[in-house]
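*Asks:* only geometry, no sequence info:
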């Protein structure tokens, strides 16, 4: 029972990291204000912004994510 609780807690932490990463990308690139006409275009825009965000985060000095907004 304890092992199951630990496993679920670890999965939740992984999920939380994904959710906060998506939130940062949406806020930093203003995706809430995006005016696209199809879901596919929104999906493409989000993918492009996400790649740009992570490129900057991992390849530019001084841009490490501290986990706070």
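*Replies:* Perfect, thanks for sending it. These numbers come from a predicted model, not from an experiment.
*Asks:* Could you list the low-confidence segments of the protein?
*Replies:* 63-69 (pLDDT under 70).
*Asks:* Which parts of it are helices?
*Replies:* With helices called from DSSP state H, the chain shows them at 2-29, 39-59.
*Asks:* Tabulate the ones you listed (TSV), appending mean neighbour count.
*Replies:* (Glycine included, C-beta is placed from N, CA and C.) As requested, the helices of the chain are exported to TSV (neighbours: other Cβ atoms under 10 Å):
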stretch	mean neighbour count
helix 2-29	11
helix 39-59	12
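*Asks:* Could you give the number of residues near residue 30?
*Replies:* When counting by other Cβ atoms under 10 Å, one arrives at 9 neighbours for residue 30.
*Asks:* where does the residue lying closest to residue 26 once chain neighbours are set aside sit relative to residue 6, distance-wise?
*Replies:* Excluding its sequence neighbours, the residue lying closest to residue 26 (Cβ to Cβ, 6 or more residues apart in numbering) is residue 32, at 6.3 Å. Residue 32 is 36 Å from residue 6, where distance means Cβ to Cβ, to the nearest Å.
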